[in-house]
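Chemist: This is a predicted model, with the sequence first.
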Amino acid sequence: MTATPALTRVDGSPVRVLVVDDEANLTELLSMALRYEGWDIQTAASGHAAVRAAKEFKPDAVVLDMMLPDFDGMEVLRRIRSGDPSLPVLFLTARDAVEDRVAGLTAGGDDYVTKPFSLEEVVARVRALLRRSVQLVEESSSVLVVGDLTLDEDSHEVTRGGVEISLTATEFELLRYLMRNPRRVLSKAQILDRVWNYDFGGQANVVELYISYLRKKIDAGREPMIHTMRGAGYVLKPAT
C-alpha cells in the first residue's frame with residue numbers, strides 16, 4: 001500500500017488545523033484522527049472561541065460545525081475570513097439536504113460533511129483542502145501560463161498582466177483545473193468531480209457561482225479569458 005504523502009507548511013513545520021464543535025466527544029475523536037496525520041491541532045467549542053483561536057493559532061484549515069451555542073458557523077466563517085480570506089473551511093452539520101449543502105458552500109465554505117460521518121472521510125476532505133493551500137513536502141515547483149495569466153502551483157501566487165490576484169483555496173483549485181486544460185471545454189460535471197471530488201446531485205449552480213467569482217477577479221476590466229459555452233460548459237483561453 002502506497003503511503004500518503006506528508007503535508008507540511010512551506011517551512012517544514014506541521015500543518016495547523018482548528019477544529020470547532022461543541023460536542024466534546026466528537027472534537028476529541030476528530031483531533032486524535034487529525035493528529036495521527038502529524039498535524040498540529042487546536043480546538044474551540046464556541047463561535048467566539050473559534051474566532052479568537054483563528055487569530056492566535058493561525059490555522060491552515062478549519063473544521064467548523066454549523067451549529068454552535070453562541071452564533072452559527074456562517075458567522076464564524078465571515079469573521080475568520082475577514083482576517084484570512086483564503087483560509088480553507090470544511091463545514092460539519094447534521095443537516096443533509098442538498099439545499100443546505102449548497103448553501104454552506106455558496107456562503108464561502110470550501111467543503112461540507114454531514115453527521116454522522118467517518119473520521120477517514122473528514123481526514124480525506126481536510127487533506128484535499130490542504131493540498132490546495134499548503135505545500136506538499138515532495139512537491140516540486142510548477143508554473144502554469146495561459147496568455148498573460150500565470151499561476152504558481154508551489155507558491156500559490158496568481159498574476160494577470162503582472163498584477164497579483166488573491167484567490168480562495170477553492171477558487172485557486174478551479175483556476176488551476178481550467179489552466180491545466182486551456183482551450184478545452186469543461187462540463188459542470190467534470191468541474192464538480194475534479195474540484196469538489198463528488199457530485200452535488202445535480203446542483204451544478206455552485207460551479208456557476210465560483211466561475212462568477214473567478215471572472216470578477218481574473219477578467220474584471222480586462223479582455224475576458226473565461227468563456228461560457230452554452231449547453232457544454234466553460235473554457236479558458238488567452239485573451240485575443
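Modeler: It's in. Numbering: from 1, shown residues only.
Chemist: The least confident helix or strand in the chain by mean pLDDT: what's the following helix or strand?
Modeler: Ranking every helix and strand in the chain by mean pLDDT, DSSP states H and E puts helix 98-106 at the bottom, with a mean of 63. Using DSSP states H and E, the next helix or strand after helix 98-106 towards the C-terminus is strand 111-114.
Chemist: Pairing partners for that following strand, with directions?
Modeler: The strands beside strand 111-114 in its sheet (DSSP bridges) come out as strand 89-93 (parallel).
Chemist: Off-centre distance for the strand it pairs with?
Modeler: Its chain's C-alpha centre and that of strand 89-93 lie 11 Å apart, by CA atoms, centre = their mean, to the nearest Å.
Chemist: Mind checking the pLDDT average for it?
Modeler: In this model, strand 89-93 has an average pLDDT of 88.
Chemist: contact partners of that strand?
Modeler: 21, 61-67, 73, 77, 80-81, 100, 104-105, 108-115, 117, 122, 125-126, 129 (CB atoms under 8 Å, 6 or more residues apart in numbering). (Glycine included, C-beta is placed from N, CA and C.)
Chemist: try 7 Å this time
Modeler: Defining contact as CB atoms under 7 Å, 6 or more residues apart in numbering, one finds that strand 89-93 is touched by 21, 61-67, 73, 77, 100, 104, 109-115, 125-126, 129.
Chemist: of those, buried ones?
Modeler: 21, 61-66, 73, 77, 100, 104, 109-114, 125-126, 129 (16 or more other CB atoms under 10 Å).
Chemist: Can you pull the phi/psi pair for Lys217?
Modeler: Here is the backbone geometry of Lys217 (degrees, to the nearest 10): phi -90, psi -40.
Chemist: and it, how many neighbours?
Modeler: As a burial measure, Lys217 scores 15 neighbours (other CB atoms under 10 Å).
Chemist: And it, what's its pLDDT?
Modeler: With respect to pLDDT, Lys217 has a value of 95.
Chemist: likewise Ala61?
Modeler: pLDDT for Ala61: 93.
Chemist: Apart from its neighbours in sequence, what residue is nearest it?
Modeler: Excluding its sequence neighbours, the residue lying closest to Ala61 (CB to CB, 6 or more residues apart in numbering) is Pro88, at 4.5 Å.
Chemist: isn't the one you found right up against Gly108?
Modeler: No - judged on CB atoms under 7 Å, Pro88 makes no contact with Gly108 at a distance of 10.6 Å.
Chemist: Can you pick out the residue with more neighbours from the two?
Modeler: Pro88 (28 against 17).
Chemist: dump the residue contacts of that one.
Modeler: If a contact means CB under 7 Å, 6+ apart, then Pro88 has Ala61, Asp110, Leu129, Leu130, Arg132, Ser133, Ala169 as its contacts.
Chemist: if you set the cut-off to 8 Å instead, what comes out?
Modeler: By CB under 8 Å, 6+ apart, the contact list for Pro88 reads Asp60, Ala61, Val62, Asp110, Asp111, Leu129, Leu130, Arg132, Ser133, Thr168, Ala169, Thr170.
Chemist: Next up, phi/psi of the second one, please.
Modeler: Listed backbone geometry of Ala61 is phi -160, psi 160, with angles given as degrees, to the nearest 10.
Chemist: Backbone dihedrals for Leu175, please?
Modeler: With angles defined as degrees, to the nearest 10, Leu175 sits at phi -60, psi -40.
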